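[1] coords please:
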Amino acid sequence: MPRSSQTYQLSRPPVIVGYGSAGGRKEKEGPLGRFFDHTCEDDTFQQSSWEMAETSMQQMALESALKRAKLEAQQLDFLLAGDLLNQCISSAFAARWAGVPYLGLYGACSTMGESLALASLLLSGGWGHHAAAMTSSHFCSAERQYRTPLEYGCQRPPTAQWTATAAGAVVLSSQGEKGPVVSAVTIGKVMDKGIKDPANMGAAMAPAAYETLRAHFRDTGRSPADYDLILTGDLGQLGWEIVSDFFSRDGCPLSNYNDCGLLLFEREAQDVHCGGSGCGCSAAVLTTMVLPGLQSGRWKRVLFCPTGALLSPVSTMQGESIPGICHAIVLEGGAS
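    Residues are numbered from 1 along each chain as shown. Predicted structure coming up:
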């Protein structure tokens, strides 16, 4: 498994054999709504709390991914999952239902990238045959934990983003006849440029995305033109503009660059201000748009780069700045 600084080139690339998604009403009303496997009109998913609704979304997404993979849950060697809630309870409760070996992760909104990277490294290294990577977020549970109770009716500034009520799951196999493969992963470093506003996540995470992308291009010797699509996780409009500006100043404009936070919702029509965010944002775009696009031949090589803001309510109240993280996953092939 050759490594160059932060990037691992996978000599035995694992195959993505299944994927699944679940989303709430607002996500259903967005541009990708018709591609979700499961949606719910009231965002409770017939559960008694927002937190258990999030667990239900993960279960639905994993069931759909396993169905596409033609596998049973018991055939998984690893389940790698995480979310935004304290102690990652949504993922732990979903793992309780799945009944398979579980590794709980916290990478904030970069968790889809972190789980994909670690699952790919495990399988490529010969430590298992099948693994699942999964994450979720829920607007109501995240707002209650990180900002203010919904009943408070706090006004959102223009830089704010809308936490996606969504979940995504991907099943990988060490062997497979067809499907997109994970050919390389770049593990990001924590970056902190002093942003303290929890309603301006895009600006807080953009430096991490920029540094991870630079590291990936340096390590692999590739340029942005070597990818059909470069996709960050949830920088939103402001963060996307910052990263685009950084690369333009470097003399390397990103003409094929977009952000999941700008794809999941109609930004103005759905009043999400700077765009979507949350673990479920990049997970939903991956499983409703990117992987189907690779399978259909729309793209041949995608650089998928989920981003995360590593803050907590305690750190925010104590006046700490917001560290950011970004991991880059190279997805290739898959066309039938």
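[2] Going by C-alpha atoms from here, please, whenever you check contacts or count neighbours.
    Will do.
[3] which stretches of the chain aren't confidently modelled?
    When residues are selected by pLDDT under 70, those of the chain lie in 1-4, 147-148, 150-153, 334-336.
[4] Break it down into its structural domains.
    3-173, 181-332 (automatic domain parsing).
[5] can you put the ones you listed in JSON lines and add mean neighbour count?
    Listed next are the domains of the chain as JSON lines, based on neighbours: other Cα atoms under 10 Å:
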{"stretch": "domain 3-173", "mean neighbour count": "22"}
{"stretch": "domain 181-332", "mean neighbour count": "22"}
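[6] Give me the contact list for stretch 110-117.
    With Cα atoms under 8 Å, 6 or more residues apart in numbering as the test, stretch 110-117 has contacts from 80-83, 105, 107, 133-135, 170, 185, 187, 233, 279, 282-283, 304-308, 325-329.
[7] Among those, which are located in strands?
    Judged by DSSP state E, strands contain the following of those: 80-82, 133-135, 170, 185, 304-305, 307-308, 325-326, 328-329.
[8] quick one: contacts for the residue nearest to residue 162 when sequence neighbours are not counted?
    Distance criterion Cα to Cα, 6 or more residues apart in numbering; nearest residue to residue 162, sequence neighbours excluded, is residue 276 at 4.7 Å. Contacts for residue 276 were tallied using Cα under 8 Å, 6+ apart; they are 161, 162, 163, 164, 234, 236, 260, 261, 262, 264, 265.
[9] likewise residue 16?
    By Cα under 8 Å, 6+ apart, the residues touching residue 16 are 170, 171, 172, 173, 179, 180, 181, 182.
[10] could you dump those residues to TSV with distance to residue 30 and secondary structure?
    Compiled in TSV, these are given as follows (distance: Cα to Cα, whole Å; DSSP: H, G, I helix; E, B strand; the rest coil):
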residue	distance to residue 30	secondary structure
170	22	strand
171	25	strand
172	28	strand
173	31	strand
179	27	coil
180	25	coil
181	28	strand
182	28	strand
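[11] hmm, back to that, what about the residue nearest to residue 162, distance to residue 310?
    Residue 276 sits 17 Å away from residue 310, going by Cα to Cα, to the nearest Å.
[12] so what's residue 173 bridging to?
    residue 15, residue 130 (DSSP bridges).
[13] That one against residue 129, yeah?
    Yes: contact criterion Cα atoms under 8 Å: residue 173 and residue 129 qualify, at 5.6 Å.
[14] which residues are common contacts for these two?
    With Cα under 8 Å, 6+ apart as the test, residue 173 and residue 129 both reach residue 123.
[15] Now do the contacts for residue 73.
    Residue 73 makes contacts with 66, 98, 99, 100, as judged by Cα under 8 Å, 6+ apart.
[16] In helices, which of those residues appear?
    Per DSSP state H, helices hold the following members of these: 66, 98.
[17] Dump the contacts of residue 73 into TSV; add distance to residue 156 as well.
    What follows is the contacts of residue 73, written out as TSV (distance: Cα to Cα, whole Å):
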residue	distance to residue 156
66	38
98	37
99	40
100	40
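[18] out of the contacts of residue 73, who's nearest residue 242?
    residue 66 (37.8 Å; Cα to Cα).
[19] who's in contact with that closest one?
    Residues in contact with residue 66 (Cα under 8 Å, 6+ apart) are 18, 19, 72, 73, 171.
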